[in-house]
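Need a 3D model of the following:
(one chain, ligands or ions: 3)
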Amino acid sequence: MSNLQPKNRVRRKYIIKGAVQGIGFRPFVYRIAAKHNLHGWVQNNASGVIIEVEGSAKNIETFEEDLQKQKPCHAVIDHFESFSLQLQNDTAFKIMQSNDTDNISASILPDLALCATCQREMNDPEDRRYRYPFINCTNCGPRYTIMSALPYDRTNTSMAGFKMCTPCRTEYEDPLDRRFHAQPIACSKCGPHLELWSKKCDVVATHDKALMQAVDALRKGKIIALKGLGGFHLVADAGNEDTVQLLRTRKHRKTKPFALMYPTLKDIQTDCFISAEEEDLLCSAAAPIVLLRYRAPIHIAPSIAPGNPYFGVMLPYTPMHILLLQALKRPVIATSGNRANEPICIDNQEALERLCGIADLILVHNRPIVNRCDDSIARIMGGRKMILRRGRGYAPFPIMMKEEAKKAILAVGGHLKNTVAFAKGNRLMLSPHIGDLDTPEACAAHEEASEAMISLYQKTPALVAHDAHPDYRSTQMASQRFKNTCPVQHHYAHALSCMLDNKIEAPCFSVVWDGSGYGTNGTIWGGEFLTITKDNYERTAHFLPFPLPGGEAAIHDPRRAAFGMLYAMHQAPHRLRFSSEEQQLLRQSIEQNINTPLTSSAGRLFDGVSTLIGLCHENSFEGEAAMALEFSATKDKDIYGFAMNGHILDWRPMIRNILGDIDDQIPAGIIAARFHNTLTAMILAVAQRQKQKHILLTGGCFQNKLLLETAIEKLQAAGFTPFWHHRIPPGDGGLAAGQILEALRR
Ligand code: ZN
Ligand code: ZN
Ligand code: FE
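Ligands and ions are numbered 1, 2, ... in the order given. All right, here's what the predicted structure looks like:
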């Protein structure tokens, strides 16, 4: 450097925040600093990465360009700041130890699917990690699921207990190696290994033998509980009808579709239609379950997804899953390893106790799972991805907010498909999917997830937001555990979550349709049209309420919704499959107002119509009857009648027309199409009666592709700008995000 004039030599400091840890950012900085002949240092701190470099002004300029343009593929920079410093005459470029004394705000990266380079090494007999089921690098492998604290260093992960061997340590410490500071770095000598257990906890086999015996067992029709990245999977041959039936019986899962894992993209293509967007999604580092329409499922047993034209399909994303499917050469069921209504198992002993009644064998490993994380589910909607269930690969990657949380806020979500959220500064972190809070195990997982947020981001929340429903377990947990709480109306939270997802400001107009949510007037809401103002909302319109005999019981029994609808129309319920005693009881409960709330729910309208036209008489899982309507709809242009009386949207003319169509023996598929046409005509009619151009479509009903895409089309044709969900689920999995926003608004 002696040839440089001191006045040409400058020193600059860079402060970079965002997702810049655990993805090879520091070695990348090291490489470009070396390339441009710069000296100084780079360091991870709790809020991101700090760099100081000195050298010629021109070199620093090109260094800065490279820094922004050539950053590692998974890096997301959301804050970039730089300034000049006094020269310090460093003589080399160094990667310094993490400084963990700072205030923690760094982004936690989600787990990433195995990268192509690692996969090549794993399949190379010459490589020292040949067939090693825990191979990873700075571009792939576990992150969130093994992390117990920030900053993301090996000591703060569940790999802390594994002492690196010399070759692994050499790679880990070499800034030019692609495994430099890959925190879960391991090999067969020093890292985790597999074991195959019998139900009695005997070790049947270990290492590669464990994997190959599991493959044999799968071929013979056995069910295996397999420990993956964020929890256990139950795995079984998807082509073996007897096995699939057995799994349904053992898991008490009547008709809810099972997710599938195919060996390769090519294998998926033989069974399913895949668009370019769907292919990208399947092959992305998040590797979610993607809902795909199937052709003729030659390799798949009929009871995988009864009555459903879609399969939930994913590609293997861990080295272990890849090795397993490479050997098996056919698709498997890969469903969450849990008992009905319980959260996914993460602990070996817990899995043994809870899954031994379902699985024949258990394939485990000794790398502990710190944070539970289910597979994500996504669907292409309106031409882009919509995350229906946010988990592995996405959570808890921050969503940037325009608003700044001056103090930390926790939101505990709703009841069904629960997630929790945490806000710090202008970042909102949404937890992975936890599930319905119906069991003590699920409630415990909900508390754990809330605790994990608080301890990971190291801030006690100053405010805890929850649903306005006083009986939700999440609401009770919030009020028992925290002092400063704030209730948020359910559908308002849905609308706010959709605004955040689309970066939309108030005022705007939202169509919020779902199964049920606690209203502010003692009724159950669910067919809502809300105008969102700068600091509040107005209930601009809603469906005509009808009685719901049995309340909660109606969620599982669509016939009860239909009964209530017909009652509101003074129609005899003879079309419904109730005995005369049952009819008598239901009428009594309505007339004497016993456990019969009034509801304006759109979801229950779907239920009622689905059972009236003979499609589905039982919801064995949420949305089953509504899905039957969506899937059966054929092409038809007709629209049924409806009426607007003030702010009440009257659906009774539509049901009257439907009853007429039933009497005329119009096929159910045509009625289903006309029903969808009518709902979207209603959306348009209500939109045209108000002033806002921005129309949000949110709530669980907008997981329905036919409803959503028809609504988008009609609204756009009429000059409106519709917005729908993208990263935050439209259903109750997104509530926690909306709750945070309302807490911020107050
Ligand atoms: Zn890799
Ligand atoms: Zn090693
Ligand atoms: Fe909801």
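
which residues touch the closest residue to ligand 2 within the stretch 251-400 of the chain?
Nearest to ligand 2, among the residues of the stretch 251-400 of the chain, is Arg367, at 13.4 Å (C-beta to the ion). (Each C-beta comes from the backbone N, C-alpha and C, glycine too.) With contact set as C-beta atoms under 8 Å, 6 or more residues apart in numbering, Arg367 has these partners: Phe134, Pro142, Ile146, Ser158, Met159, Phe162, Pro184, Gly191, Pro192.

how about it, phi and psi?
Recorded main-chain torsions at Arg367 are phi -100, psi 110, according to degrees, to the nearest 10.

what ranges do the strands span in the stretch 201-350 of the chain?
Counting by DSSP state E, counting those that start in this stretch, the stretch 201-350 of the chain has strands at residues 203-206, 224-227, 232-237, 259-261, 289-293, 310-314, 332-336.

For whichever residue of the stretch 501-650 of the chain sits closest to ligand 2, what are phi and psi?
For the stretch 501-650 of the chain, the residue closest to ligand 2 is Asp501, as judged by C-beta to the ion, at 42.1 Å. Backbone dihedrals for Asp501, given as degrees, to the nearest 10, come out at phi -60, psi -30.

what does Asn37 give?
Here is the backbone geometry of Asn37 (degrees, to the nearest 10): phi 60, psi 40.

Kindly confirm whether my reading is correct that it touches Asn59.
Yes. With contacts counted by C-beta atoms under 8 Å, Asn37 reaches Asn59, the gap being 5.9 Å.

Those two - which one has more neighbours?
Neighbours around Asn37 and Asn59, counted as other C-beta atoms under 10 Å, are more numerous at Asn59. The numbers are 20 against 13.

how far does whichever strand or helix holds that one sit from the chain's center?
Assignment of secondary structure by DSSP states H and E places Asn59 within helix 57-69. Relative to the chain's own centre, helix 57-69 is displaced by 37 Å; criterion: C-alpha atoms, centre = their mean, to the nearest Å.

now swap in stretch 107-114 and tell me
In terms of C-alpha atoms, centre = their mean, the centre of stretch 107-114 is found 14 Å from the chain centre.

repeat for stretch 495-512
A distance of 19 Å separates the C-alpha centroid of stretch 495-512 from that of its chain, computed with C-alpha atoms, centre = their mean.

Just the terminal-to-terminal distance for that stretch.
Its first and final residues considered, stretch 495-512 spans 7 Å by C-alpha to C-alpha, to the nearest Å.

Go through that stretch and flag the buried ones.
Residues of stretch 495-512 classed as buried under the neighbour-count rule (16 or more other C-beta atoms under 10 Å) are 495-502, 504, 506, 508-512.

One more: stretch 333-350?
Using 16+ other C-beta under 10 Å as the test for burial, stretch 333-350 gives 333-339, 342-348.

okay, it in CSV with CA atoms only?
Listed in CSV are the C-alpha atoms of stretch 333-350, where the atom choice follows Å, rounded to 0.1, in the frame of the first residue of the first chain:
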residue,chain,number,x,y,z
ILE,A,333,-47.2,-39.6,2.0
ALA,A,334,-45.3,-37.0,4.1
THR,A,335,-47.9,-35.8,6.6
SER,A,336,-47.2,-34.0,9.9
GLY,A,337,-46.2,-36.4,12.6
ASN,A,338,-48.9,-35.7,15.2
ARG,A,339,-52.0,-37.2,16.6
ALA,A,340,-55.3,-35.6,15.4
ASN,A,341,-55.5,-32.0,16.7
GLU,A,342,-52.1,-32.0,18.3
PRO,A,343,-49.0,-30.1,17.2
ILE,A,344,-46.2,-31.7,15.2
CYS,A,345,-43.8,-33.8,17.4
ILE,A,346,-40.2,-32.6,17.7
ASP,A,347,-38.7,-34.7,20.5
ASN,A,348,-37.6,-38.3,20.1
GLN,A,349,-39.1,-39.6,23.3
GLU,A,350,-42.3,-37.5,22.7
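
Show the average pLDDT along that stretch.
The average of the pLDDT scores along stretch 333-350 is 91.

got it, and stretch 172-190?
Within the predicted structure, the mean pLDDT of stretch 172-190 is 93.

Nearest residue to Gln245 in space, please, no chain neighbours.
Counting by C-beta to C-beta, 6 or more residues apart in numbering, Ser303 is the residue found nearest to Gln245 once chain neighbours are left out, at 5.9 Å.

pretty sure the one you found contacts Glu241?
Yes. Taking C-beta under 8 Å as the contact criterion, Ser303 and Glu241 are neighbours in contact, 6.4 Å apart.

Show the contacting residues for the residue nearest in space to the middle of the chain.
The central residue of the chain, meaning the one whose C-alpha is nearest the mean C-alpha position (C-alpha atoms, centre = their mean), is Arg390 at 0.8 Å. With contact taken as C-beta under 8 Å, 6+ apart, Arg390 is in contact with Ser376, Thr419, Leu430, Pro432, His433, Arg727, Ile728, Pro729, Gly733.

The residue in the stretch 401-550 of the chain positioned nearest to ligand 3: neighbouring residues, count only.
Of the stretch 401-550 of the chain, the residue with the smallest distance to ligand 3, taken as C-beta to the ion, is Asp514 at 3.5 Å. A total of 29 residues lie near Asp514 under the criterion other C-beta under 10 Å.

got JSON lines for the contacts of Arg367, with neighbour count and distance to Ile289 too?
Compiled in JSON lines, the contacts of Arg367 are given as follows (neighbours: other C-beta atoms under 10 Å; distance: C-beta to C-beta, whole Å):
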{"residue": "Phe134", "neighbour count": "25", "distance to Ile289": "23"}
{"residue": "Pro142", "neighbour count": "29", "distance to Ile289": "18"}
{"residue": "Ile146", "neighbour count": "24", "distance to Ile289": "22"}
{"residue": "Ser158", "neighbour count": "20", "distance to Ile289": "25"}
{"residue": "Met159", "neighbour count": "23", "distance to Ile289": "27"}
{"residue": "Phe162", "neighbour count": "19", "distance to Ile289": "30"}
{"residue": "Pro184", "neighbour count": "26", "distance to Ile289": "23"}
{"residue": "Gly191", "neighbour count": "24", "distance to Ile289": "28"}
{"residue": "Pro192", "neighbour count": "20", "distance to Ile289": "25"}
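
before we move on, back to that, for the residue nearest to Gln245, grab the count of nearby residues.
Applying other C-beta under 10 Å, we find 16 residues neighbouring Ser303.

oh, and call the first residue 294 from now on, that's how I've got it
Let's use 294 as the start, then, which means that last one is Ser596.

what's the average pLDDT for the helix or strand encompassing Glu874?
Using DSSP H and E, Glu874 maps to helix 873-884. Regarding helix 873-884, the rounded mean pLDDT is 94.

Report the spatially nearest residue to Ala503, omitting neighbours in sequence.
Computed as C-beta to C-beta, 6+ apart, the closest residue to Ala503 that is not its neighbour in sequence is Leu489, at 3.9 Å.

Can you name the residues that contact the one you found?
Under the criterion of C-beta under 8 Å, 6+ apart, the contact list for Leu489 reads 496-499, 502-504, 506-507, 654-657.

Let me know the pLDDT of His592.
Predicted confidence (pLDDT) at His592: the value is 80.

what's the distance between it and Phe914?
His592 sits 24 Å away from Phe914, taking C-beta to C-beta, to the nearest Å as the criterion.

same question, Ala644
Relative to Phe914, Ala644 is positioned 23 Å away (C-beta to C-beta).

okay, these two: which has more neighbours?
Neighbours per residue, other C-beta under 10 Å: of Ala644 and Phe914, the larger number sits with Ala644, 23 against 14.

in the helix or strand containing Thr973, what's buried?
Taking DSSP H and E as the definition, one finds Thr973 inside helix 961-981. Buried residues in helix 961-981, defined by neighbour count with 16+ other C-beta under 10 Å: 961-977, 979-980.
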